[in-house]
Structure formats: structure tokens, C-alpha cells
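S.K.: Got a predicted structure here, sequence first:
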Amino acid sequence: MSVAVLGSGAFGTALAVSLAGNGPVTLWSRSAEQAGLMRSGRENRLRLPGVRLPEPLHVTSDVAEVANCATVLLAVPMQKLREALTEHAEKLRRHVLVACCKGIELKSGMGPVAIISQVLPDARPALLTGPSFAQDIAHGLPTALTLACPDADLSADLQAELTTGNVRLYRTTDTVGAELGGALKNVIAIACGAVIGAGLGDSARAALMTRGYAEMQRMALALGARPETLAGLSGFGDLALTCTSDLSRNYRLGLSLGRGDAFDPSITVEGAATARAVDAKAKEMRLDMPITHCVTGLLDHSLTPNEAMAQLLARPLKEE
Ligand SMILES: NC(=O)C1=CN([C@@H]2O[C@H](COP(=O)(O)OP(=O)(O)OC[C@H]3O[C@@H](n4cnc5c(N)ncnc54)[C@H](OP(=O)(O)O)[C@@H]3O)[C@@H](O)[C@H]2O)C=CC1
Ligand SMILES: O=C(CO)COP(=O)(O)O
């Protein structure tokens, strides 16, 4: 089998670099110019500078070369997934499509696996998620991720195909739990960045991580996820990484909100749209998700971090 990665951002490039250790891999960019620069310079200077693209990694902007591969990793931002799939629907109709994005689509409230099934009903969807920074994967540092796929046989095949020398995969059939873990942890990471940026302290961050995890479970379990998935790499694992590292863009957006600094709007920060999508979904489902709600207030500047924290502290006392 052959593997392609559609989307040459930081994560798509890092995955392709690691997969190239297993054999030939195709990395697709929507920009012919970017693809040309990567081919000639053997580096993705725009999105992942300082990492040499190994020889088995072939860069292209011709989607027909992606269609030649049986397994395609979709490494585009969540809010662009539907657009990318729709644009290439004819070429990807029956492929194994592994979403690598983390989030909930704002306009539909759907996750990546459901979007793949809706746009391409004959494709076989899966999800790759969990704690890993593109830079770490690309530099060969050890990581462990979750490969979620509703088809147990395909899940085992993909686990074998996509495990690399530095990326160890665990498999599950619980796609709902895996995608919600990856989506919801980004919202909590924004909250954690904001409390640190505002100088509210490490204890406040620990409280938010823990009560944020309770919110993640509340929504995920209500939607049919298994608790052990949330406790695994895609939930707890990624929450721990993203809420504590300056390498996280979600956490860094939170830091900026906490400090009152500007943040570059061109940077991919999945938790921003996802916070709004989850807040709306929670209201619809009558779920109590106060931290997520406060994050939407921080994002639209209707709340300061101090006001948000005061609101959270003033909530009625309850059992843990
Ligand atoms: N970076 C990381 O450490 C990790 C990222 N992820 C997830 O991976 C996903 C992608 O993130 P990341 O790679 O970091 O983001 P980047 O911002 O680095 O790159 C996004 C890429 O998507 C491409 N793109 C955007 N829209 C489309 C489209 N409609 N069709 C085709 N390509 C498109 C962009 O192309 P162009 O350059 O032309 O704009 C760009 O190459 C996110 O969901 C993120 O949560 C998961 C784990 C780790
Ligand atoms: O998902 C990630 C780590 O697992 C990457 O986090 P950011 O998108 O916040 O940079």
C-alpha cells in the first residue's frame, strides 16, 4: 500500500517526514509554487523550517498523484476539511481517508469522521489524533498517538501501516471519543493560556485542566464516547500536552488573551472556532460547560480573564 498526505502544513509535513522512514510517501500542497520550492530546497520553509525532507518523500501539487495512493492522510485545518474533500471528491471517492485535524465544524457541529462520511459516503474514514507537536515528530522524537477507525480490521491494518520509527500508534474503534478528545482539549488549552497570561497562577491552571476534563467527559459521554478513550492519548494525553506547552498555538492564543496582546490571525488555532461550536452544541444538549462558555467570552472580548475566573468561582458549590 502507498500513503499520501493531503495538506503540506506543519503537521502534514511532519507526518510525511516520519512516514518516509517506512518507504515512499507523497506530500501534496495546493500551491504549485510551494510544492516546487519544497522539491528544490528539500525543506518546507514556510510551515516547518529547519527539517530536511528525506528522499522517499515526494512533493507534488497534482492531486492525481494522491489518488494513486490507497491511504490518504487529510492534514488540513478542521474548518477547511469539507472544502478540501468537496474539491477533490471525484479523485478520493473510495480511498481510506485518515483525518488528522482536531476540531468541530462551526457551521454543522460535526467532527471530521462524520464530515468524511457525509461528503464521500464510499470512502473509509479514520482519524489520527493525540499528543504530538509537528516539530517533535519531524525531529524524530518519540510520540504515541491514537488511530481511531470504526472498522476494526481496517484499524489494525492502518495501525501497522502508519506506525513509524518514532510514532507509536494505539488503535480504537471509538471515533467519537477520539475526535472529541482532540477537539475539546484545544478549548481548555486556550483557557489555561489565558490564566497563565493574566498571572492567575499554576494552581488555577491545574483547576481548569481538571474541571475542563470533566467538561470534556460530560459532552463526549453524552454523545456516546467511551470513558477510556477520553482517559487515553486523544483526551487526557493531549490535554496535558496542550495546556502546558508554549509550543501549542491554542495555549499561545490564550497567553495573548491573558496578557492583552495581539495575536497573528493567520496562525491555525483550532480551539477558537471549536469553542463556539461546542458552546452552541452544549446549549442545544442542555450540558453545563462553563469553562467553554467563558472561552467564547474571552475570544469575543466580552469577558476579561479576571472576570471569567470570578464567574467560575462564584458558581453554586457542588460535589466533585
Ligand atoms: N502543528 C501541529 O503540531 C499539529 C497539528 N495538528 C492538527 O493538524 C491540522 C493542521 O494543522 P497544521 O498543519 O499545524 O496547520 P498549518 O497552518 O501549519 O497548515 C495548514 C495547511 O492546510 C492547507 N490548507 C488550508 N486550506 C486548505 C484547503 N482548502 N485545501 C487544501 N489545503 C488547505 C494550508 O495550505 P496553504 O499553505 O496553501 O495555506 C496549509 O498547508 C489541525 O487540525 C491541527 O489541529 C495535530 C497535531 C499536531
Ligand atoms: O494538537 C497539538 C498537539 O497535540 C498541537 O497543538 P496546537 O494546535 O495548539 O499547536
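M.R.: Great, that's in hand. Ligands and ions are numbered 1, 2, ... in the order given.

S.K.: In contact with the spatially closest residue to Met78 that is not a sequence neighbour, which residues are there?
M.R.: Leaving aside its chain neighbours, Met78 sits nearest to Gly103 (3.1 Å; criterion: Cβ to Cβ, 6 or more residues apart in numbering). The C-beta positions use only the backbone N, C-alpha and C, and glycine is treated the same way. Counting by Cβ atoms under 8 Å, 6 or more residues apart in numbering, Gly103 touches 77-79, 111-112, 182-183, 186, 270-271, 273-274, 277.

S.K.: Same check on Leu27?
M.R.: 4-5, 8, 12-13, 16, 38, 53, 57-60.

S.K.: Could you list the residues of the protein in contact with ligand 2?
M.R.: Within the chain, the positions adjacent to ligand 2 are 102, 131-133, 186, 189, 238, 241-242, 248-250, 270 by Cβ under 6 Å from any ligand atom.

S.K.: Look up the closest residue to the residue nearest in space to the middle of the chain, ignoring the ones flanking it.
M.R.: Central residue of the chain (Cα atoms, centre = their mean): Lys102, 2.5 Å from the mean position. Nearest in space to Lys102, with sequence neighbours left out and distances taken as Cβ to Cβ, 6+ apart, is Gly182 at 3.7 Å.

S.K.: about what we covered before: looking at the residue nearest to Met78 now. What's its pLDDT?
M.R.: Reading off the confidence values, Gly103 has pLDDT 98.

S.K.: so where's the stretch 1-150 of the chain uncertain?
M.R.: Filtered on pLDDT under 70, the stretch 1-150 of the chain yields the residue ranges 1.

S.K.: Strands along that one, start to end?
M.R.: Using DSSP state E, counting those that start in this stretch, the strands of the stretch 1-150 of the chain run over residues 3-6, 25-28, 43-44, 48-52, 57-60, 71-74, 96-99, 124-129, 143-148.

S.K.: Mind checking the ones you listed for the one nearest to Gly212?
M.R.: Smallest distance to Gly212 across the strands of the stretch 1-150 of the chain (Cβ to Cβ): 17.3 Å, for strand 124-129.

S.K.: orientation of that closest one relative to strand 143-148 in degrees?
M.R.: 150 degrees (axes from the mean of the first three to the mean of the last three Cα atoms, to 10 degrees).

S.K.: What helices and strands are in contact with strand 124-129?
M.R.: In terms of contacts (3 or more Cβ pairs under 8 Å, 6 or more residues apart in numbering; DSSP states H and E), strand 124-129 is packed against strand 96-99, helix 112-119, strand 143-148, helix 152-162, helix 175-197.

S.K.: go with 10 Å
M.R.: Secondary-structure packing of strand 124-129 (3 or more Cβ pairs under 10 Å, 6 or more residues apart in numbering; DSSP states H and E): strand 71-74, strand 96-99, helix 112-119, strand 143-148, helix 152-162, strand 167-172, helix 175-197.

S.K.: C-alpha coordinates for that strand, CSV please?
M.R.: Only the C-alpha atoms of strand 124-129 are listed here, as CSV (Å, rounded to 0.1, in the frame of the first residue of the first chain):
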residue,chain,number,x,y,z
ARG,A,124,-13.4,4.5,4.5
PRO,A,125,-12.8,7.1,7.3
ALA,A,126,-10.4,7.1,10.1
LEU,A,127,-8.8,9.6,12.5
LEU,A,128,-5.2,10.1,13.7
THR,A,129,-5.0,12.2,16.9
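
S.K.: neighbours of the one residue in the stretch 101-250 of the chain that gets nearest to ligand 1, just the number please.
M.R.: When you check the stretch 101-250 of the chain against ligand 1 by Cβ to the nearest ligand atom, the closest residue turns out to be Cys101, at 3.2 Å. Counted with other Cβ atoms under 10 Å, residues neighbouring Cys101 total 28.

S.K.: Likewise for Leu81?
M.R.: The tally of other residues near Leu81 (other Cβ under 10 Å) stands at 25.

S.K.: Could you list which residues are in contact with it?
M.R.: Residues near Leu81 by Cβ atoms under 10 Å, 6 or more residues apart in numbering: 7, 74-75, 97, 99-101, 103, 105, 110-112, 115-116, 119.

S.K.: cutoff 6 Å now
M.R.: Under the criterion of Cβ atoms under 6 Å, 6 or more residues apart in numbering, the neighbours of Leu81 are 101, 112, 115.

S.K.: Please work out which residues outside the helix or strand where Thr292 lies touch it.
M.R.: Element membership of Thr292, judged by DSSP states H and E, is helix 290-299. The contact list for helix 290-299 (Cβ under 6 Å, 6+ apart) reads 187, 190-191, 194, 212, 215, 257, 272, 275-276, 278-279, 303, 308.

S.K.: quick one: the next helix-or-strand element following it to helix 175-197, angle?
M.R.: As assigned by DSSP H and E, the chain's next helix or strand after helix 290-299 is helix 305-313. Between helix 305-313 and helix 175-197, the angle comes out at 120 degrees (the same axes, to 10 degrees).

S.K.: Give me the residues contacting helix 305-313.
M.R.: 194, 198, 200, 258, 294.
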